[in-house]
Each structure stands twice: as C-alpha cells, then as structure tokens.
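Novice: I would like the atomic coordinates for the input below:
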Amino acid sequence: MPSMMDANVVLRLLALLRDGGCEIWVAGGWGIDALIGKVTREHRDLDLLHRVEQEPLLIKKLESAGFIEQPDAQPGRPARFVMKDHQGHELDLHPLRFEADGSAVQQANDHGGTFHYPADAFTTGMIEGVPVNCLSVAQQVAFHQGYEPSDRDRHDMAQLRTAFGVATHF
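Specialist: Numbers count the residues shown, from 1 in each chain. Below is the predicted model of the structure:
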C-alpha cells in the first residue's frame with residue numbers, strides 16, 4: 001500500500017525535478033488541490049505529466065531520490081508508468097508529446113489510442129503557497145468522465161464545482 005503523499009513531499013519532488021531541468025505538470029487529486037489552492041483530502045500518490053523527450057532526465061532525477069520504476073503497474077507504458085520510493089511514496093508519470101501550438105498528446109495504448117490536451121489545458125495553481133504547473137479546471141473535468149467514479153473522484157469534482165462553479169457529470 002502506498003504511503004500518503006503530504007504537501008512537503010510533493011513540493012520537495014517538484015523542486016527536485018524543476019531544478020533538474022524537467023518541465024512537469026501536476027494532475028489528479030494534487031492537481032485539483034493546486035487549482036483550489038489548498039489541500040482538501042489525503043493523497044496516496046502524485047500524478048505528474050512530463051515532456052516525453054525529458055523522460056530519461058526525469059527518471060535519472062527520481063532514481064537519485066530513491067525512486068524505482070514499478071514494471072507491474074497497470075495500465076502501464078506507453079500511457080503511464082509508476083515509480084515508488086522505499087517509503088512507499090508513489091508517482092504516476094504520464095509522458096506528453098507537445099505540438100508547436102502548445103497542445104500535447106499522450107499515447108493511451110499500443111494500438112494508436114491517444115489522449116489530447118489543448119494548449120489551454122496547462123495552467124498554474126498553488127500548493128502551500130508555492131506556484132506549481134498543473135492541469136486546468138476544464139481538463140480535470142474532461143478527464144473525470146467515462147468511468148465509474150470513486151469517492152475520491154466525487155470529492156474532487158465537488159471541490160471544483162464549489163470553487164469554480166463548473167458543471168461536472170457526477
């Protein structure tokens with residue numbers, strides 16, 4: 001079972017990667033908390049998006065901090081991969097290929113499926129008063145569709161509805 005990710009661990013990892021030359025965006029539950037500007041629940045992992053061409057550097061930086069790729073994580077590559085440290089902190093990493101217009105594509109599977117990110121999907125939020133790159137409200141809402149939501153998903157969408165007045169499908 002993964003160890004909970006608190007804000008100090010998140011900020012330390014974001015600084016490590018940023019200072020190491022990796023451009024990253026926070027997604028998932030931490031991304032929603034960044035948009036809202038406060039921690040609204042416990043988080044068991046940290047979802048990060050990164051430039052696919054920076055992946056070797058990103059892996060090297062994370063390995064230097066004690067993270068090891070977990071090859072059994074499903075679904076796995078090419079859409080995402082998981083790294084975990086000896087304390088159980090878990091990172092869910094999503095490689096993006098950026099286009100000239102600022103949009104990005106994430107490979108979804110080995111059969112040509114993709115996830116699309118419009119250029120305006122990338123914004124800035126705050127974790128403990130520290131600005132962080134994250135996904136936009138609209139992109140978070142879009143990615144929370146088409147599956148049976150968990151209690152965490154329901155919580156996260158309720159937070160976005162309250163903070164931003166957006167409509168969500170659950």
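Novice: Could you list the low-pLDDT ranges of the protein?
Specialist: The chain contains residues with pLDDT under 70 at 1-2.
Novice: Break down it into its helices, ranges please.
Specialist: In chain order, the chain shows helices spanning 7-19, 28-36, 55-64, 137-143, 151-164, with DSSP state H as the criterion.
Novice: Turn those helices into a markdown table, columns for distance to residue 72.
Specialist: Yep, even glycine has a C-beta here, placed from its N, CA and C like the rest. Supplementary listing: the helices of the chain in a markdown table, determined by distance: least, Cβ to Cβ, whole Å:
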| stretch | distance to residue 72 |
| --- | --- |
| helix 7-19 | 22 |
| helix 28-36 | 20 |
| helix 55-64 | 17 |
| helix 137-143 | 24 |
| helix 151-164 | 22 |
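Novice: Deepest in the core, which of these is it.
Specialist: Comparing these by mean neighbour count (mean count of other Cβ atoms under 10 Å), helix 28-36 comes out on top with a mean of 24.
Novice: Provide the angle between the direction of that helix and the direction of helix 7-19.
Specialist: 90 degrees (axes from the mean of the first three to the mean of the last three Cα atoms, to 10 degrees).
Novice: re earlier: compare the helices of the chain and give me the one nearest residue 124.
Specialist: Proximity to residue 124, assessed across the helices of the chain by Cβ to Cβ, is greatest for helix 28-36 (8.2 Å).
Novice: And for that closest one, what's in contact with it?
Specialist: With Cβ atoms under 8 Å, 6 or more residues apart in numbering as the test, helix 28-36 has contacts from 5, 10, 25-26, 39-41, 43, 45-47, 92, 123, 125-127, 132, 134-137, 140, 152, 156, 159-160, 163-164.
Novice: Where is the longest strand in the chain?
Specialist: Under DSSP state E, the strand in the chain containing the largest number of residues is strand 90-98.
Novice: May I have it as PDB, with CA atoms only?
Specialist: Written as PDB, here are the backbone C-alpha positions of strand 90-98 (Å, rounded to 0.1, in the frame of the first residue of the first chain):
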ATOM      1  CA  GLU A  90       4.200   6.600  -5.400                       C
ATOM      2  CA  LEU A  91       4.400   8.700  -8.500                       C
ATOM      3  CA  ASP A  92       2.100   8.100 -11.500                       C
ATOM      4  CA  LEU A  93       4.000   9.500 -14.500                       C
ATOM      5  CA  HIS A  94       2.400  10.500 -17.800                       C
ATOM      6  CA  PRO A  95       4.600  11.300 -20.900                       C
ATOM      7  CA  LEU A  96       3.400  14.000 -23.200                       C
ATOM      8  CA  ARG A  97       4.500  14.900 -26.700                       C
ATOM      9  CA  PHE A  98       4.000  18.600 -27.300                       C
END
